[in-house]
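Enquirer: Sequence first, then the predicted structure:
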Amino acid sequence: MSHFRESIERMIADPSVKEIKVADVPSTKRGDSVSLAGLVFDKPLVFRVRSCQVLVDFTGCTFEQDVSFDDCSSSRQFNFSACTFKGPANFFRLTFANHGWLANAVFGKARFESTASFQYAHFGETAESNNCADFNGTVFLGETRFNNCVASGWISFTNCRFEQNVSFERAKFNGRTVFSDAKFSAGVTFKHASFKQANFNKAIFGDAAAFVEVTMPNQLEPDPNSIFGVKGFLFREVKLLAPELVEFRGREDQHIDLSCVSFLSTDVSNVIFVDEKWGSRPVLFGLRSRNATMDEKLIEHGIEYLEHPLGSLLPSFGKVKQLYRRLRHNYERAGRYAEAGDFFIGEMEMRRLDVKNVGTALRWIYQNFSLLGLYKHLSLYGESYPRLGAWSGAIILTFAAIRTILLPGVTDVTMINRFFVELGNSIAAFMQMPISSTGFDVAERITSAPLLALLVISLKRNFERK
């Protein structure tokens, strides 16, 4: 295939050729390759090949003028590794088909110094393929658009730099999507995009970031190839330089689903959440539920891997507690106290359950009968005054029944009438205003004192902040 390279070199050297046009790539059989590596294109390049069966290698090429690969299709691979695009680069509707284990499109360590467009581009054909589009280490210095692109397989933007605005509006990421360690210096939008599995771990967002009406993963699928155990939307250890400009927003009639999103070790205290839906955890024997994050559900899985070299990246009680504290502050600042209360419960649950270096039985005792455990069971950490009311009613009725059975009474009064008399005495003792001074009164007053104190705390938490 060296004659094809020679023809390209002749067009580059010919001063009468103002634009290099490629309409066909000769091939004798499927699987052939063409190397244009290292060429310097000092003229505009228009590459419009309807069906390309070969590997076209542009590794290390420099494109000093406009480049257009729009409406091309390939059943093999384009390799643009370490290329420099000094002029606008257009890959509009470019289609990369699946091919074995190789990446369909390789732009690793490429450099785009002007605008770049991958709108309506297709990377791969099926989500089950092992193919990927490789943008690892790529630098985008101009505005970049991936609007309406479709990535069927694995697509990776690891260590990418986006210096100007970048848009992924209506992009469909049907396979594994990786933005780990990527840096977005300017604004980025993912409006109406959809993800099946994504990793933004340790990414940096320097300006606005819009995850608006995005379709997120809505179930935790097993991932047998990773100790993390699940496929979800990982937004861990992300650095937000302008958090007040970062938003996760749905619609009133269709909330954005955050039930499978992990914000572990990311400061979300000032992030905007609008019309969102979190995961849930049951409280009060499943009679009601509270908002919860994916990470809380993965705590047990994380404990199994605490000794693993990557165990520090898995959820732990401390990390989830920190996340819940940040979410609580966020929702309190927004005046959404019901949700803030849910995350406060989650924060306290992480404190209660975080018992180390003891046996299983002793851990259960600490978790349920420590002061923090009793605080949970009696009042749900001050968030449930109905629970306190139920405990109070149970104690009043219990002491009334004990008084009726054990204390001497008038013989001609029925047991029911005696019970109602003792019920009044029990209520008075519970409210620290005893009518008599029996041992039952003293016991009930001691029992009721912490409940009354917790009731004051609960009412204060639930009403004063509103």
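Expert: Right, received. Where do you want to start?
Enquirer: where in the protein is pLDDT low?
Expert: 1, 27-31, 73-76, 97-104, 125-131, 220-231, 284-287, 300-313, 409-413, 464-466 (pLDDT under 70).
Enquirer: quick check: domain ranges of it?
Expert: 2-288, 385-464 (automatic domain parsing).
Enquirer: Tell me the secondary structure at K196.
Expert: strand (DSSP: H, G, I helix; E, B strand; the rest coil).
Enquirer: Excluding sequence neighbours, find me the nearest residue to it.
Expert: N174 (5.5 Å; Cβ to Cβ, 6 or more residues apart in numbering). From N, CA and C alone the C-beta is placed, and that goes for glycine too.
Enquirer: Need phi/psi at the one you found.
Expert: phi -90, psi -10 (degrees, to the nearest 10).
Enquirer: coming back round to it: turn the domains of the chain into a markdown table, columns for mean neighbour count.
Expert: As requested, the domains of the chain are exported to a markdown table (neighbours: other Cβ atoms under 10 Å):
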| stretch | mean neighbour count |
| --- | --- |
| domain 2-288 | 19 |
| domain 385-464 | 15 |
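Enquirer: what secondary structure does Q367 sit in?
Expert: Quick answer, by three-state DSSP: Q367 is helix.
Enquirer: Burial check on it, number of neighbours?
Expert: By the criterion of other Cβ atoms under 10 Å, Q367 has 17 neighbours.
Enquirer: shouldn't A449 be in contact with Q432?
Expert: Yes. With contact defined as Cβ atoms under 8 Å, A449 reaches Q432; the gap is 7.4 Å.
Enquirer: Give me the common contacts of those two.
Expert: Common contact partners of A449 and Q432 (Cβ atoms under 8 Å, 6 or more residues apart in numbering): none.
Enquirer: who's in contact with whichever strand or helix holds L454?
Expert: Per DSSP states H and E: L454 is located in helix 439-459. Contacts to helix 439-459, defined as Cβ under 8 Å, 6+ apart, come from residues 375, 378-379, 382-385, 388-389, 391-392, 395, 399, 402-403, 406-407, 425-426, 429-432, 434.
Enquirer: And R249, how far from Y337?
Expert: 20 Å (Cβ to Cβ, to the nearest Å).
Enquirer: I meant A198, not that one.
Expert: 31 Å.
Enquirer: C132 too?
Expert: 45 Å.
Enquirer: Next up, the contacts around A292.
Expert: 278-281, 342, 346.
Enquirer: Quick check: strands, which of those residues are part of them?
Expert: Among these, the subset assigned to strands under DSSP state E consists of 279-281.
Enquirer: Make sure K18 is actually in contact with D42.
Expert: No. Using Cβ under 8 Å, K18 is not in contact with D42; the gap is 11.0 Å.
Enquirer: Show me the helices in the stretch 201-350 of the chain, by range?
Expert: In the stretch 201-350 of the chain, the helices defined using DSSP state H, counting those that start in this stretch lie at 294-297, 299-303, 317-333, 337-353.
Enquirer: Any idea which of those helices gets closest to D267?
Expert: helix 317-333 (6.0 Å; Cβ to Cβ).
Enquirer: Would you mind extracting the C-alpha trace of the closest one into CSV?
Expert: Only the C-alpha atoms of helix 317-333 are listed here, as CSV (Å, rounded to 0.1, in the frame of the first residue of the first chain):
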residue,chain,number,x,y,z
PHE,A,317,-18.2,4.4,57.1
GLY,A,318,-16.0,7.5,57.4
LYS,A,319,-16.2,8.4,53.7
VAL,A,320,-19.9,7.9,53.5
LYS,A,321,-20.4,9.9,56.7
GLN,A,322,-18.5,12.8,55.2
LEU,A,323,-20.6,12.6,52.0
TYR,A,324,-23.8,12.7,54.0
ARG,A,325,-22.6,15.7,56.1
ARG,A,326,-21.9,17.6,52.9
LEU,A,327,-25.3,16.7,51.4
ARG,A,328,-27.0,17.7,54.6
HIS,A,329,-25.3,21.1,54.5
ASN,A,330,-26.3,21.5,50.9
TYR,A,331,-30.0,20.8,51.5
GLU,A,332,-30.1,22.9,54.6
ARG,A,333,-28.7,25.8,52.7
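Enquirer: Could you find the closest non-adjacent residue to the residue most central in space within the chain?
Expert: The centre of the chain sits closest to V261, judged by Cα atoms, centre = their mean, with a distance of 2.5 Å. Nearest non-adjacent residue to V261, counting by Cβ to Cβ, 6+ apart: F233, 4.4 Å away.
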